[in-house]
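Trainee: just a sequence and a predicted model for now, questions to come.
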Amino acid sequence: MSELNDILQRLEPELGPLSGEPQPLRGGITNRNYRAALGGEQFVVRLHGARTQLLGIDREAERRASDAAAKLGIAPPVAASLPGCLVTRYVPCRALAPADVAARAEEIAQALRAFHDSGVQLGHRFWVPELLEDYERHLRARGVEPGEDFAQAVAVARRIAHAIPLRDPRPCHNDLLAGNIICEPDAGRLLLVDWEYAGMGHRLFDLGNVAVNNEFDADAEQRLLSAYLGRPPDAGTRAGLKLMRVLSDVREAAWGALQTRISTLDFDFFAYARAHFERLHAAVAEPDFEEWLAAAPG
């Protein structure tokens, strides 16, 4: 708590005096999050996890993305930023299950399209094949042999990148778990939170990422793509979305493997990585995978 107390003291001149005890917020497997009252208003204070730069996180890109998204009305306003933490205004909200996210696929698509087309430059690149090179280097630096699962994931990422190269990087969120999509009370607007993996990346990755993390079926995928494009998707775009679902699992599996070595949080990262490696291998074993590679927009 000493780190939190120190940061709250540094925030008081800007946001006002602290009242009451900060309350920990559940969720999150990279950082520690608290709800705190400063100057009579409620804020979310996020303390950055240890060694998170090794995961491909750029804190300046996170701040820029959070601020740009807030100005678009799709994220809570940024209140302050200090070394080691980011502070946003607290928004009363309810948690969403993956089924809730899928039911509102069109709204997610419109929010992502607005951010992708916002023109904000994040100064940080997010592309999974490149991330894997970094993750492998960090593992080897710690005396860890990445193993066969990791090697297979690298090979899959290369094949997908060849089929759908990153030619027009756009500002992307890149971490669209259900927990990072919140809803104002009484089915109000959706907001996207936790922009720490934001970077210049592939717009289809965001769509595949939200689809796989929230268990979209074919109907939800169709609604997501149609709302994003403003027209029904062609076969190549549908194939691209499927491949980006797989690439999302590549990233999550490799991320979990690295987190087992660097995180100080009480979470079973080994099981997390294992689950994503298994889902990845199952997807690649399906005959559809080769068809998606052949049909991808290239």
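Mentor: Yes, it's here.

Trainee: report all helices and strands that the helix or strand where W255 lies contacts.
Mentor: For W255, the host element (DSSP states H and E) is helix 235-262. Under the contact criterion of 3 or more Cβ pairs under 8 Å, 6 or more residues apart in numbering; DSSP states H and E, helix 235-262 touches helix 128-141, helix 148-163, helix 203-213, helix 218-229, helix 269-285, helix 287-295. Using the backbone N, CA and C atoms, a C-beta is placed for each residue, glycine as well.

Trainee: can you tell me which of the ones you listed is most buried?
Mentor: Taking mean count of other Cβ atoms under 10 Å as the contact definition, the stretch among the helices and strands packed on helix 235-262 with the greatest mean neighbour count is helix 203-213, which reaches a mean of 26.

Trainee: doesn't A50 belong to a helix?
Mentor: No: if the criterion is DSSP: H, G, I helix; E, B strand; the rest coil, then A50 is coil and not within a helix.

Trainee: give the helix, strand or coil label for the residue nearest to it when sequence neighbours are not counted.
Mentor: Once its chain neighbours are removed from consideration, A50 has its nearest residue in T264; the separation is 5.1 Å (Cβ to Cβ, 6 or more residues apart in numbering). The three-state label given to T264 by three-state DSSP is coil.

Trainee: ok, T264 touching L47?
Mentor: No: in this structure T264 lies outside contact range of L47 using Cβ atoms under 8 Å: 11.7 Å.

Trainee: show me which of the two is the more surrounded one.
Mentor: Between T264 and L47, counted using other Cβ atoms under 10 Å, the more crowded position is L47 (15 against 8).

Trainee: show the pLDDT at the closest residue in space to the more buried one that isn't next to it in sequence.
Mentor: Taking Cβ to Cβ, 6+ apart, and ignoring the residues beside it in sequence, L47 has R32 as its nearest neighbour in space, at 4.5 Å. With respect to pLDDT, R32 scores 87.

Trainee: show me what contacts E3?
Mentor: 47, 84 (Cβ atoms under 8 Å, 6 or more residues apart in numbering).

Trainee: what helix or strand is it on?
Mentor: Taking DSSP H and E as the definition, E3 sits inside helix 2-15.

Trainee: is it true that A105 touches S226?
Mentor: No: no contact is recorded between A105 and S226 when judged using Cβ under 8 Å, the distance being 9.1 Å.

Trainee: hmm, back to that, in the helix holding E3, what counts as buried?
Mentor: Residues 4, 7-8, 11, 15 are the ones in helix 2-15 that count as buried (16 or more other Cβ atoms under 10 Å).

Trainee: what's the most distant pair in these?
Mentor: Taking Cβ to Cβ, the two most distant members of these are L4 and L15; they sit 14.4 Å apart.

Trainee: next, R125: phi, psi?
Mentor: In terms of degrees, to the nearest 10, the main-chain angles of R125 are phi -100, psi 140.

Trainee: where does the residue nearest to it when sequence neighbours are not counted sit: helix, strand or coil?
Mentor: The shortest distance from R125 to any non-neighbouring residue, by Cβ to Cβ, 6+ apart, is to M200 (5.2 Å). Per three-state DSSP, the secondary structure class of M200 is strand.

Trainee: state the pLDDT value of M200.
Mentor: You'll see M200 listed with a pLDDT of 98.

Trainee: what do you get for A95?
Mentor: Listed pLDDT for A95 reads 76.

Trainee: and it, what does it touch?
Mentor: For A95, the set of contacting residues under the criterion of Cβ under 8 Å, 6+ apart consists of 178-179, 182.

Trainee: if you set the cut-off to 10 Å instead, what comes out?
Mentor: Each residue near A95 by Cβ atoms under 10 Å, 6 or more residues apart in numbering is listed here: 26-27, 178-179, 181-183.

Trainee: write the ChimeraX selection for whichever of the residues you listed are buried.
Mentor: Per 16+ other Cβ under 10 Å, the buried members of the contacts of A95 correspond to this ChimeraX selection:
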select :178,179,181,182,183
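
Trainee: so what's the residue most central in space within the chain closest to, chain neighbours aside?
Mentor: Nearest residue to the geometric centre of the chain (Cα atoms, centre = their mean): D175, 1.0 Å. Of all residues beyond its chain neighbours, the one nearest D175 is Y197 (4.3 Å), with distances taken as Cβ to Cβ, 6+ apart.
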